[in-house]
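*Asks:* make a model of this:
(2 chains)
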There are 2 protein chains.
Amino acid sequence: MSAIKKIFTSRSNANGIFFMRMQSILGFKPKDISHYEKAFTHRSLGLKKEDGNPLNYERLEFLGDAMLGAVIAAHLFEAVQGGNEGYLTKMRSKVVSRKHLNELGSELNLLRYIKANIPKENFGANIHGNLFEALIGAIYLDRGYPYCKKFIYKRIINPYVDIEKLEGRIISYKSVLIEWCQKEKKTFKFDTFEDTGKDTVKHFAVKLYIDDKIIAKARATSKKKAEEIASKRAFYVFQRQIEGK
Amino acid sequence: MSAIKKIFTSRSNANGIFFMRMQSILGFKPKDISHYEKAFTHRSLGLKKEDGNPLNYERLEFLGDAMLGAVIAAHLFEAVQGGNEGYLTKMRSKVVSRKHLNELGSELNLLRYIKANIPKENFGANIHGNLFEALIGAIYLDRGYPYCKKFIYKRIINPYVDIEKLEGRIISYKSVLIEWCQKEKKTFKFDTFEDTGKDTVKHFAVKLYIDDKIIAKARATSKKKAEEIASKRAFYVFQRQIEGK
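*Replies:* Below you'll find the predicted structure:
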């Protein structure tokens, strides 16, 4: 480890910048900072461990990828009770897609911590996701599975894993419809009015006009509900066009 | 859970046969036996959870597969210091191959615990591996990652994961060579004799004949060592033929 020490020492003690930045990214104090140093050591430095094996973050990616897969699997297992094995597998691969991991690594600006012997412009697009995976591998070595889980919840699941979105479920038909009308330069108007009639509870009715034609009507106990129902009805009228099929 | 209870209750209390058998397979006492009951509930029973979703072990396979992948990855990461990312991935896929998981499940005779509505003969060959994965999923739900790890070490890594074998490293050149001679109907003879000469330590020399021709010679401080060295030399003479290239 002497080679890596030379590179990181100045910033790796408990008050160093690297230690502090890691702590802020991780949400906990690193126990053994050398794992995190390794997670940012690029192969271009040509460093070697004492046993002669290369010293860089590539093996950590393998470890981090496996931990990420396990934590996301356990989360989806609980969160998507209705999903069978194949469905859960598909959802997981959406969460841990290369594209998504690159976004996560890029958002944390992990590239700023890398130690390499090539210009930063020369890294491929996947560098962000690779560093993100390596960081998770380092967390496993430093603190074990529970901290990996904590970190993955903090950085991925809580902020980004929206089951409804992942499942492609539509939460608001009204907003989908409005967005589509704007894109297609169609006019729309919700004509909503109280219409309790003989009911004991207050009711509202709505007429939904698109391009000045009534496309759908609905009636419910709130304006919001009535408009959502009418939007859903209109959605099904235009479904093929909205979904571009 | 009332449906599953009816099927398992008689054997599921802490003194029941199912509980005892699980304990013996797992190496620890189950906390919540219902997870293990689920791990042996086949879809053919058509059971449903209270929320209407199917109740069987298929989702647990997804969970168990992910935990297995993580534990094996962490083990290989430590055990194979010289392996890069791609190499570790390849080794892991050997360990968790469908064939291997089927052997493991079959050896534990997991099929005897299954509750199904079809004859056991009708299950495919993968039933053993599927139940094995589901069992690991149940362990995760019951006791978390550390117990999954413990179980996977006990049932897979300690008894079966031989890094040298996985890496295809040759442990005994002599046995490889003999096997090849027998397969190819070649005669072989180790002519081994004491040959200390002027050395202060006893030495042995060996001449290795294949099809009555001397192929290699060696000299070492034990018969065994000398024969292994000669075999290794002969191995390299015939390497392409032995490895079928």
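*Asks:* quick one, phi psi at the residue in chain A sticking out farthest from the centre?
*Replies:* Here chain A reaches farthest from its C-alpha mean at A:Lys198, the gap being 48.9 Å by C-alpha atoms, centre = their mean. Here is the backbone geometry of A:Lys198 (degrees, to the nearest 10): phi -90, psi 0.
*Asks:* contacting residues around the residue nearest to the spatial centre of chain A?
*Replies:* For chain A, the residue nearest the mean C-alpha position is A:Tyr160 (3.5 Å; C-alpha atoms, centre = their mean). Neighbour list for A:Tyr160: A:95, A:100, A:104 [criterion: C-beta atoms under 8 Å, 6 or more residues apart in numbering or on different chains]. (C-beta placed from N, C-alpha, C; glycine too.)
*Asks:* closest to chain B out of those?
*Replies:* Proximity of the contacts of A:Tyr160 to chain B (C-beta to the nearest C-beta) peaks at A:Val95, which lies at 12.2 Å.
*Asks:* my read: A:Tyr87 touches A:Leu76, true?
*Replies:* No - with contact defined as C-beta atoms under 8 Å, A:Tyr87 does not count as touching A:Leu76 (9.1 Å).
*Asks:* so these two - more neighbours on which side?
*Replies:* Between A:Tyr87 and A:Leu76, A:Leu76 has the larger neighbour count (other C-beta atoms under 10 Å in any protein chain shown), namely 26 against 15.
*Asks:* can the strand or helix carrying that one be found next to chain B?
*Replies:* Secondary structure assigned from DSSP states H and E places A:Leu76 in helix A:58-79. Yes - part of helix A:58-79 sits near chain B under the criterion C-beta under 8 Å from any C-beta of the partner chain, namely A:58-59, A:61-63, A:65-67, A:69-70, A:72-74, A:77.
*Asks:* residues from chain A in reach of chain B?
*Replies:* A:49, A:51, A:53-54, A:58-59, A:61-63, A:65-67, A:69-70, A:72-74, A:77, A:81-85, A:88-89, A:92, A:137, A:140, A:145-146.
*Asks:* filter those to the buried ones?
*Replies:* A:58-59, A:61-63, A:65-67, A:69-70, A:72-74, A:77, A:83-85, A:88, A:92, A:137, A:140, A:145 (16 or more other C-beta atoms under 10 Å in any protein chain shown).
*Asks:* which residues in chain A form strands?
*Replies:* Using DSSP state E, the strands of chain A run over A:188-194, A:204-210, A:213-220.
*Asks:* contact partners for the closest residue to A:His35 other than its chain neighbours?
*Replies:* In this structure, A:His35 finds its nearest non-sequential neighbour in A:Ala138, 4.0 Å apart by C-beta to C-beta, 6 or more residues apart in numbering or on different chains. With contacts defined as C-beta under 8 Å, 6+ apart, A:Ala138 is in contact with A:35-36, A:38-39, A:60, A:64.
*Asks:* at 7 Å instead, please
*Replies:* When contacts are counted by C-beta atoms under 7 Å, 6 or more residues apart in numbering or on different chains, A:Ala138 touches A:35-36, A:38-39, A:60.
*Asks:* if we can go back for a sec, winner for burial among the strands of chain A?
*Replies:* Per residue and on average, the most neighbours among these fall to strand A:204-210, with a mean of 19 (mean count of other C-beta atoms under 10 Å in any protein chain shown).
*Asks:* show me what the mean pLDDT comes to for that one.
*Replies:* Per-residue pLDDT over strand A:204-210 has a mean of 95.
*Asks:* which strands and helices lie in contact with it?
*Replies:* Strand A:204-210 is packed against strand A:188-194, strand A:213-220, helix A:223-242, with contacts defined by 3 or more C-beta pairs under 7 Å, 6 or more residues apart in numbering or on different chains; DSSP states H and E.
*Asks:* could I get these as CSV with mean pLDDT?
*Replies:* What follows is the helices and strands packed on strand A:204-210, written out as CSV (pLDDT from 0 to 100):
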stretch, mean pLDDT
strand A:188-194, 93
strand A:213-220, 93
helix A:223-242, 89
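*Asks:* Serialize these to a markdown table and add fields for distance to B:Ile171.
*Replies:* Output for the helices and strands packed on strand A:204-210, formatted as a markdown table (distance: least, C-beta to C-beta, whole Å):
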| stretch | distance to B:Ile171 |
| --- | --- |
| strand A:188-194 | 75 |
| strand A:213-220 | 75 |
| helix A:223-242 | 64 |
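*Asks:* so what does A:Asn126 look like in phi/psi?
*Replies:* Here A:Asn126 shows phi and psi, under degrees, to the nearest 10, equal to phi -80, psi 0.
*Asks:* just give me the neighbour total for it.
*Replies:* Applying other C-beta under 10 Å, I find that A:Asn126 has 15 neighbouring residues.
*Asks:* so where is chain A shaky, pLDDT-wise?
*Replies:* Scanning chain A with the threshold set as pLDDT under 70 gives A:1-15, A:169, A:245.
*Asks:* appreciated, that's everything.
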